[in-house]
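K.L.:
Structural data only, the sequence is not supplied:
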């Protein structure tokens, strides 16, 4: 991922040096288990652990690996040779009986686990912002819009509550996906444990508090990774849903809310009056990237026989990119929602802008329930006046009051056009969340 | 494709009976060429041509093929047997030396060619509607919006002109894609012409005015079909672009244009006042289907060796679906644009709604060019007043007139806030299209 | 979905008549709750329930709805009018205070729930076939291949065990997705319960044993549906993984297993010797369709404001199609695996075809562990002989025996080339599954 | 794109400094046209051109822009300020009347044009390798495989000829896409040329030999970019098709060709005998990335009104990534095909491995054409013997010779099993390409 969209944590996490540190962690955990099983000298393990702590793998090490790989064209071979150069002869006990993919795949799970941990924290923060804003605007009236058309009154807080609820589902999916890759695999070239017994795998898994991948071929099955990319892509759609809403609310004709606009910020190089919702537009584009990467992840599953390596080039791109983007976009959006500039007066004026059309349903029910009109006749009566209101701009209440076919009294009309009545169940909805 | 989204022409085109008629057309064309080359009896060909004309293949024939295929599990074998049952012994000369795929792929090209012909006609009609509306609203002022925020004045016709221009590009892509599948393949089991000489293929191509696929394996390379699906997916994005614009213009807060709303139409079962842009929302969803199918088409290209048949199940769905949807959506959108209800007064009132902010750039230039201010100072001056205008609702012109740092005279301000100046090059743009 | 790929159950499930029966179920459940709450006459509810049972909605009803919808352009309005025509005046109490989407979305969940139930049963059957074959071939030696190259010995049963394990993960994802749509929504035009109290929703959910959608706008959030389509797409990749393996095993050069080939079946219309893996190729193509539809589902999430209807046209296609394809492909594949023709002798001969190269790793370890060679030197020794074996076709064991640098005795070489040693942990792996 | 998959040319091309050089090129070209039109001082233009040549924009400049952008949050504003800092006061005439997007979009076209130029050169080189190998192996017999099953004889050169032909189509698509973005846009904030006359745009286009974008809103329509990404995605499928073939040919059971294997290269860290087709597996994965990015590009088209900036974050990733990957993969594949290790003897032995089954079609035709058997009877006769050959391993010719129902003489059987007869039209196919 380009620097622009990398959080500092993700930049470190997906650095080459950190990848090699993860590989080493797997190698050392396996070595520890093998030492306990009496298969390698415990002293060699202790020495290497100390060296790894005292002189952690860094970019210089990564450069050395790259140099060796240019000849061997095999990454783990280059890695183990570079380890020997750095840590000396004890390193020859590393990778004992292991297959490259055991190390690479299990280490990748360590990185993915960490990345998902960051994203889950970001999603939780965003969820908390939504909760907080939902409470803040619990009773702020605004118009609900369907198809972009004013429908009925609601409150601004309900928008945040919907997003909070969506984020709860995202968190569940992200946690499930994380569980799916919290697995250790040390099963050898074709998954038969030919050169390292299943016990080693089990010891490492127990040490980490993870599961073993109960049966594998050479690699972990890629449906696990597809599930991660899918959870991220769906998370991206939630972010997109929020972003699109902010963009709509900031439209010149709506102006009910807007992104925070920094001191010294320039909206347009040529039009000094502009304040554009660029942060949420930015997030919208990121959701598309997350979707594209999910497609790629799905294609990575059906590898040939006991594995081919076609997933590898694709994963080198999509795993860092999708995790980095998800984190970045979630943080960006949390900032936007936290600093959102909200105009409740404008909400109220928009709500009233259509002259009471948004109350049409209650009028309909009043005609049916209180006056006993047939549904179709009542519908026709209200629709006729509503369409006239659209055309002339006159208020629906006034038009109905003048309509000779309307049986509702002035008091009954007042009741039908009562905003508070529409919002009487808002507390019930919040109560479902303990808010 | 479900009936709901099938035009009558597409329904006929993709019917089973029509597919078999296309197969027969290929078989008969090959037979004609073989008859000319002295390889099959001309009389048999003549007889079959007459029979095919007098008693064209129909649904009953398709049912018969299905019945035989249930046993043979091979479609062309079932087809040729059913042909013999229907047209008698002369039919044994059919499929002489041909491979199934020669027939199936070439016949599919016939259907695709016809389908693309329909879509191109639909796109041309939509293009014509855009042209006509571009001319009708050539000088109708409206506000141009970027990021959803009022930017500068433009005319409503320019929106149509942009769409017309996009459709010209779509038509080029659709024509290119159509050319790509106007090819005949009669090259045998692995493309070597082992059992039918290249001459037969060339004769059929010449007869149809098509090209031969110069080299093939068993099938036509699927990049050809991917190009078709891609052209349709991009065409879908143009339709989506138009649809999204109509949806925006119909929003309650904008109300500058709306979809035609039928007599007796119901916007909402519960809210009698609603008029929703459901046709353009519908088209928006179709664009997504076209995209999804394009992904599938791309995956169909890398078949194994000289062919595998994994593309077949996918193509049975995506070829009819994407062509049918493209045609349906284009027609639907043409109807919407043709009947579009336009509110020029509302456009003007929206344009003026922000108190002249949309003229900020010309003020900026006046300060720089006429008053010699440095760009940054001028920008700061205009931005400061513009932000105040956003907050207070006062007009930018009035605020500037009161600002002691503003060096522009009243006359100069009037010039800067002149709508017609902004539109002075509209004719030049139209002239590029001869309009 | 085209008839060809529709199981009978899915065809019934996604029929128009069944959709209307689902709508009616929602309407009647709401009415029951409203009757209990004293809002509509219990007698009307009882009458309608009887009518619905005695005269269930059928295709004729669907045609009637279509006829009315042609005028109203609104599906629920057409539906309720058609209900009144069919069941008489009591039907006027139906849809009382409900919003169309309450009914449409909740009813769609009923259909999706049923569809997922079918798919889960299909997946379970496929899982059972895999389990059974895993046991049957538990100790059948075969060569494990990575990158398409012979790697090390394994057993044929392990392939099935891997698939069984993948299907277990799929079942978890499908169950999660199913839970995600087992929700009732009766929350009104913008989710405020303005016209029907939350109690009605809760009563219906309790009656069905489902959850309420705790907060909504007009629709259910589409991340729920995206999760379903994603679970289906990933399920498709598992089917694809299995299908690709069967296709590989049936290759002429491999011939270790093949699809059942029916009596009377024709492999090729022109090449009588052919037996092609067409069923698994067919499934491979279906996996692509499932992926394409998942992309579309992801785009459906970010609807505008409290909803737009752009998801609707897309869902009319992808929901039936993806559920139908998943079911069809799973059944097809279960049949293939159940009837798979397996050639254990051929497996053994392929395993030995490379002259023992597949034992190279154990030789390597013997050199390092038993002879104390440095890893690199040992690797070089084995690689040199292995490459010579590739080139000359001589067996690796023989070449090593002749290599003056090889320190291993004949007995040690025999041990290194021992097939059973490689398979000694197979039982341990099966034990993890209680097999 | 990660460094690993960046060619040196692409790394330079997509560097930040080069992006700013492209911006400057657009600014200076516009300035030149404005100078000619008398709108800015020619001397200022001359000065800046000299400065840009003498002191080209570099990474330090990019860092300065980033620093300023951190405050302004607007890239072009930061750019012009940084230009003034670097080149002095004359730089104030830069960007005169231009809108950011005019510069950014037109400059991006410069970069895309250059990138496509590189890719087209790479594709041409790959095409040339295919041509050369097609000629080299024109008459090398090999078995053609459909569904992975031996079908009929062909020559190895025909595989290359098919790829060459596919690459010709790719080159056409890439050239079309390149034309599509060889357009200049200098049309202002909403495409009205309010502040810069159309003449300036036309002058720049003429100077570059490009077209003007005849009508625009603020941005170039994104169908242009979608076409580029689509052409790249389809190109990727051609690369994938080739890569998958090499992977198949290198399989242990096939061994007809293999990737070049470098001196010192390691196939597996644990299995010294392995030579894996990792380069073509790598390319296979890249094709998936190109597909995923194409999806994203399609979603970028339907921007809101006269533009929103949601495409920008997506394009920052997909444009460099897809162009870089296409170039890298094409070069990699050219190297593989150029150095491909080919085993013609193995091809011949595989061809004969099935005991002549691949000649079944000619036997069929001999029975029908020469012996007058009905097609079905002949088919049954050949299929019966072929299936027996599959089962017993006996040659088809021998079985037929023994079959009492076979009417063909020994001489006629010899003719039917003649390899050269199958290849007699190969020259005709090559002649279509002048080869």
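P.N.:
Received it, and whenever you're ready, just let me know what you need. All figures in this text were calculated on a predicted structure; none of them were measured in a lab. Numbers count the residues shown, from 1 in each chain, chains lettered A, B, ... in the order given.
K.L.:
drop to CA atoms for contacts and neighbour counts, all remaining ones
P.N.:
Fine.
K.L.:
Residues of the stretch 51-200 of chain A that sit close to chain D?
P.N.:
Within reach of chain D by C-alpha under 8 Å from any C-alpha of the partner chain, the stretch 51-200 of chain A has these residues: A:71-74, A:76-77, A:97-100, A:189.
K.L.:
Show the buried residues in the residues you listed.
P.N.:
Among these, those scoring as buried are A:72-74, A:76-77, A:97-100, A:189 (criterion: 16 or more other C-alpha atoms under 10 Å in any protein chain shown).
K.L.:
Beyond the lengthiest helix in chain A, next helix or strand please.
P.N.:
Assignment by DSSP state H gives helix A:100-136 as the longest helix of chain A. Later in the chain than helix A:100-136, the nearest helix or strand by DSSP states H and E is strand A:141-146.
K.L.:
in its sheet, what does that following strand sit against?
P.N.:
Partners of strand A:141-146 in the sheet, by DSSP bridges, are strand A:149-155 (antiparallel).
K.L.:
so which two of the buried ones among the residues of the stretch 51-200 of chain A next to chain D are the farthest from each other?
P.N.:
Spanning the widest gap among these are A:73 and A:97, at 20.4 Å by C-alpha to C-alpha.
K.L.:
what's around residue A:84, how many residues?
P.N.:
By other C-alpha atoms under 10 Å in any protein chain shown, 15 other residues sit near residue A:84.
K.L.:
Kindly apply the preceding question to residue A:372 instead.
P.N.:
Residue A:372: 11 neighbours (other C-alpha under 10 Å).
K.L.:
next one: whichever strand or helix holds residue A:85 to chain centre, how far?
P.N.:
Residue A:85 belongs to helix A:75-87 when elements are defined using DSSP H and E. Centroid displacement of helix A:75-87 relative to its chain, using C-alpha atoms, centre = their mean, to the nearest Å, is 37 Å.
K.L.:
Over to stretch A:290-306?
P.N.:
19 Å.
K.L.:
do it and chain B meet?
P.N.:
No: among the residues of stretch A:290-306, none lie within reach of chain B under C-alpha under 8 Å from any C-alpha; the closest is 8.5 Å away.
K.L.:
What distance separates the opening and closing residues of that stretch?
P.N.:
Stretch A:290-306 has an end-to-end distance of 28 Å (criterion: C-alpha to C-alpha, to the nearest Å).
K.L.:
Show me which residues of the stretch 251-400 of chain A sit near chain B.
P.N.:
A:251-254, A:270-278, A:350, A:357-358, A:360-361, A:364, A:379-380, A:382-383, A:386-387.
K.L.:
hmm, back to that, take the buried ones among the residues of the stretch 51-200 of chain A next to chain D and lay them out in TSV including pLDDT.
P.N.:
Below are those laid out as TSV (pLDDT from 0 to 100):
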residue	pLDDT
A:72	80
A:73	79
A:74	81
A:76	86
A:77	83
A:97	85
A:98	90
A:99	90
A:100	91
A:189	93
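K.L.:
Could you say which helix or strand holds the residue minimising distance to the centre of chain A?
P.N.:
Nearest residue to the geometric centre of chain A (C-alpha atoms, centre = their mean): residue A:235, 3.1 Å. Under the criterion of DSSP H and E, residue A:235 resides in helix A:223-250.
K.L.:
does that helix come close to chain D?
P.N.:
No: Helix A:223-250 lies apart from chain D when judged by C-alpha under 8 Å from any C-alpha; the minimum separation is 9.7 Å.
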